[in-house]
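J.: I'll drop the sequence and a predicted model, then ask my questions.
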There are 2 protein chains.
Amino acid sequence: MTTSDNPFAGYGGRIATDDGVYSQSEVGLANRNSGNLLETLALDVTPTGLHYLLIHFDVPLIDPAAHRLTFSGAFDAPFELGLDDIRALPQVTLPVTLECAGNGRSGLSPRSHSMPWMYEAVGTSEWTGTPLRPLIERAGPKDDAVEIAFLGEDYGFDKGVGHHFGRSLTMAQIAELDVMLVHSMNGQPLLPQHGAPLRLIVPGWYGMASVKWLGKIEALTTPFDGFQQVRTYRFRENDEDPGRPVTEMRVKSLMVPPGVPDWSSRKRWLEPGPVTLVGRAWSGGGVSVSKVEVELDGEWREARLDRRAGPYAWTRWSCDWTATPGVHLLRCRATDANGNVQPLDPPWDVSGFANNSAQKVFVFVADS
Amino acid sequence: MTTSDNPFAGYGGRIATDDGVYSQSEVGLANRNSGNLLETLALDVTPTGLHYLLIHFDVPLIDPAAHRLTFSGAFDAPFELGLDDIRALPQVTLPVTLECAGNGRSGLSPRSHSMPWMYEAVGTSEWTGTPLRPLIERAGPKDDAVEIAFLGEDYGFDKGVGHHFGRSLTMAQIAELDVMLVHSMNGQPLLPQHGAPLRLIVPGWYGMASVKWLGKIEALTTPFDGFQQVRTYRFRENDEDPGRPVTEMRVKSLMVPPGVPDWSSRKRWLEPGPVTLVGRAWSGGGVSVSKVEVELDGEWREARLDRRAGPYAWTRWSCDWTATPGVHLLRCRATDANGNVQPLDPPWDVSGFANNSAQKVFVFVADS
């Protein structure tokens, strides 16, 4: 099927709706894709089932016993593995913070028609599997191999183009990154929606690289031209811009909204007096967070940082505040060890990728 | 704090937005609350983490070891139990289909400002715990007790009123319903978002009765006047109507959308030829489904029904279809053993409760 003979070609405008007003199909995406609940940022590990989900097509329901991972293409020694083979290889468990590249899209104006994330598309899980690199070495990429493509079993259409979800990494990225082939999450076999029975985890990168329902690993002698590599997940100034690839996560922080919520507005109510604000901060590529600041009553105050659980896990922060009656706007921003600082306003991108601007939390503090 | 001195009073109109256009706060609710993925209707048990979540306030993070369930109020022999005590009682595992009372709200016009569910707020889990009735009998309701109230640890505001989520059942309902005190879901301890460490399950009723994070069971000598009992979860013709309580689930069916999706519109694409449509159907109060019909090319055809896993579990159905090129609208409707039939148009309710009208699935079948 080509682009022209199907009804999905051109569905969804670049800019679908006015600010603060959402379309039926955006709400459909919000009902399907789910984020964490910000109150669970209090926990080191996001509870299973609350890790965010961004699922492009349908979840394929795969029989783990029959599943085979094939290494094909420009390899000298292509082979395939079953789940038991992978479990028999050296096993590693790694806490990894993953964030969706589209997290924060709703904060941009104008907004791209896609999943309308606010703050919630981030989570940390303990992933268990085997390092990818030794398996690539075993398959032996030919001298003219330039990239390795990772293809999922999920299939569908985007902008009229039918494709399996797929992504690639260059040979240099394979050599540098701690990529894992993962079969378990938080000590349990992967759930169907998280990529069962096998997925990739690319620590330090936005989530699109961590291909779920992984079925094929293919060595390529020309750069991968899959839809999800060249048509989406690129930073672009405008629709004509060919763009630059989205890769490592940008430095970011979030806080647990203090006090208790109103059901429908999610505004917060708090008793006056001392309160300890807590949250999480992270950056990409294994870079540590060096500072978190919290804006309290117009003043940026430095938060305490805990030690993170590993090079790819978020850092817990905390900061004391004495809440006084009235309405307060709280914000937090992180700085990483490379000196990158979260901006206060969203960085522009036509697709709304990688919005790492400071979170805003409105709090109403009652009279004492 | 009273209704008048806080900023949430009156937040959110009865009718918030125009049809097909949603507000920022509705999308915020859609990002927080999550539904199942319709493709997993192929499975008898909804994967853990994909069971729908409707969470009024924040998830309370409770230490299971310290948690106590208290029986108080108009009981002759009030007592309290820890988790170990409850696990030492007779244990039952029951597959129960739960649906949110607000499921389908987005199908109504005009629409109430609340969680904008389409079809996805339903799931089936295997719940393990102990029957409630013997514990109520042990506590001994006094002769003038008329209701038993169930109070969660979650607290917040709705329409300016601060309250713990709470619901009640009458003494007659306690005697009739197979209510369970539940600590496990699908063979694992409850996850925080599903009510850990202890929740109620009221089989056959909409989900609001199955109180999560259960902390207190209180016998009352007058009907419970909690917000979630008298202000919400009532069928009303208009805003002045005092209404009738929402209780048992209405008969309903859903299908797995056939073929593959377009990412953003969720429209379906299918090859021409034979396809087996599958789905689930259920009703309330333990009543069985007697018939499922599927509308195919303008003709209602009767589906095959599998045997359900128990009196409170949904029924699998299937129906063969030969897909021909073109655009098709598929619908399904169920009839229960009491003769209740799903309507084709949504039944009116000002809050959008219990919309059990037939699901519509648009499918594009390619030329062969």
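T.: Yep, that arrived. Numbers count the residues shown, from 1 in each chain, chains lettered A, B, ... in the order given.

J.: tell me the contacts of the closest residue in space to A:D345 that isn't next to it in sequence?
T.: Counting by Cβ to Cβ, 6 or more residues apart in numbering or on different chains, the nearest residue to A:D345 once its immediate chain neighbours are dropped is A:S357, at 5.7 Å. Heads up, the C-betas are built off the backbone N, CA and C, glycines and all. By Cβ atoms under 8 Å, 6 or more residues apart in numbering or on different chains, the residues touching A:S357 are A:G104, A:G107, A:Q342, A:P343, A:L344, A:D345, A:P346, A:P347.

J.: could you flag which of those residues are buried?
T.: In those, burial by neighbour count holds for A:G104, A:G107, A:Q342, A:P346, counting by 16 or more other Cβ atoms under 10 Å in any protein chain shown.

J.: how about those in TSV, adding pLDDT, secondary structure and distance to A:P192?
T.: Supplementary listing: those in TSV, determined by pLDDT from 0 to 100; DSSP: H, G, I helix; E, B strand; the rest coil; distance: Cβ to Cβ, whole Å:
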residue	pLDDT	secondary structure	distance to A:P192
A:G104	96	coil	27
A:G107	92	helix	31
A:Q342	98	coil	34
A:P346	95	coil	34
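
J.: burial count for the residue nearest to A:N238 when sequence neighbours are not counted?
T.: Once its chain neighbours are removed from consideration, A:N238 has its nearest residue in A:V350; the separation is 5.7 Å (Cβ to Cβ, 6+ apart). Using other Cβ atoms under 10 Å in any protein chain shown, A:V350 has 19 other residues around it.

J.: also the one 3 residues further on?
T.: For A:F353, the count of nearby residues is 26 (other Cβ under 10 Å).

J.: quick one: it from B:P60, how far?
T.: For A:F353, the distance to B:P60 equals 34 Å [Cβ to Cβ, to the nearest Å].

J.: got it, and A:L214?
T.: 37 Å.

J.: quick check on these two: which one has the bigger neighbour count.
T.: Under the criterion of other Cβ under 10 Å, the comparison of A:L214 against B:P60 puts A:L214 first, with 22 against 17.

J.: my read: the more buried one touches A:D154, true?
T.: No: counting by Cβ atoms under 8 Å, A:D154 is not a contact partner of A:L214; they are 10.2 Å apart.

J.: quick check: phi and psi at the residue nearest to A:N238.
T.: The main-chain torsion angles of A:V350 are listed as degrees, to the nearest 10 and equal phi -70, psi -30.

J.: ok now do A:K216, which residues does it touch?
T.: Counting by Cβ under 8 Å, 6+ apart, A:K216 touches A:L69, A:T70, A:S72, A:A149, A:F150, A:L151.

J.: related to what we said a few turns ago, now the residue nearest to A:D345: how far from chain B?
T.: Counting by Cβ to the nearest Cβ, to the nearest Å, the separation of A:S357 from chain B is 17 Å.

J.: read off the pLDDT value for that residue.
T.: Reading off the confidence values, A:S357 has pLDDT 97.

J.: buried residues in the top helix by length along chain A?
T.: Within chain A, and with DSSP state H defining each element, the longest helix by residue count is helix A:24-32. When burial is assessed from 16+ other Cβ under 10 Å, helix A:24-32 yields the following buried residues: A:S25, A:E26, A:V27, A:G28, A:L29, A:A30, A:N31, A:R32.

J.: stretch A:125-144 too?
T.: Result for stretch A:125-144 [16+ other Cβ under 10 Å]: buried residues A:S125, A:E126, A:W127, A:T128, A:G129, A:T130, A:P131, A:L132, A:L135, A:I136, A:A139, A:P141.

J.: helices - which of the residues you listed land there?
T.: Counting by DSSP H, the part of these found in helices is A:L135, A:I136, A:A139.

J.: would a markdown table of the contacts of A:S357 with distance to B:E293 be doable?
T.: What follows is the contacts of A:S357, written out as a markdown table (distance: Cβ to Cβ, whole Å):
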| residue | distance to B:E293 |
| --- | --- |
| A:G104 | 45 |
| A:G107 | 46 |
| A:Q342 | 55 |
| A:P343 | 56 |
| A:L344 | 57 |
| A:D345 | 54 |
| A:P346 | 49 |
| A:P347 | 53 |
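
J.: give me the nearest residue to A:V278, chain neighbours excluded.
T.: In space, not counting the residues next to it along the chain, A:V278 is nearest to A:S318; the distance is 4.7 Å by Cβ to Cβ, 6+ apart.

J.: need the residues that contact the helix or strand harbouring the one you found.
T.: When secondary structure is defined by DSSP states H and E, A:S318 falls within strand A:315-323. Taking Cβ under 8 Å, 6+ apart as the criterion, the residues outside strand A:315-323 that touch it are A:44, A:253, A:258, A:270-282, A:288-289, A:292, A:294, A:296, A:301-308, A:332, A:334, A:363, A:365.

J.: show me the shaky parts of chain A.
T.: Residues of chain A that meet the criterion pLDDT under 70 lie in A:1-19.

J.: in it, what residue is nearest chain B?
T.: Shortest chain A-to-chain B distance, computed as Cβ to the nearest Cβ: residue-wise this is A:G49, at 2.6 Å.

J.: ok, now which ones touch that residue?
T.: Residues near A:G49 by Cβ under 8 Å, 6+ apart: A:L191, B:T48, B:G49, B:L50, B:H51, B:L191, B:Q193, B:H194.

J.: wait, a strand at it?
T.: No: secondary structure of A:G49 (DSSP: H, G, I helix; E, B strand; the rest coil): coil, not part of a strand.

J.: next one: it relative to B:N186, how far apart?
T.: Using Cβ to Cβ, one gets 10 Å for the distance from A:G49 to B:N186.

J.: before we move on, what about A:W117?
T.: 28 Å.

J.: the more surrounded of those two?
T.: A count of neighbours by other Cβ under 10 Å puts A:W117 above the other of A:W117 and B:N186, at 27 against 20.

J.: just checking, that one touches A:G102?
T.: Yes: using Cβ under 8 Å, A:W117 makes contact with A:G102 at a distance of 5.4 Å.

J.: would it be right to say that A:I55 lies in a helix?
T.: No: going by three-state DSSP, the assignment for A:I55 is coil, not a helix.

J.: what is the burial count for the closest residue in space to it that isn't next to it in sequence?
T.: Using Cβ to Cβ, 6+ apart and skipping the chain neighbours, the partner closest in space to A:I55 is A:N33 (6.3 Å). Using other Cβ under 10 Å, A:N33 is surrounded by 24 other residues.

J.: check contacts around A:N33.
T.: Contacts here follow Cβ under 8 Å, 6+ apart; on that basis A:N33 touches A:Y52, A:L53, A:L54, A:I55, A:M115.

J.: next: A:L43.
T.: A:L43 makes contact with B:L61, according to Cβ under 8 Å, 6+ apart.

J.: go on, A:G259?
T.: Taking Cβ under 8 Å, 6+ apart as the test, what A:G259 contacts is A:R268, A:W269, A:L270, A:E271, A:V275, A:V363.
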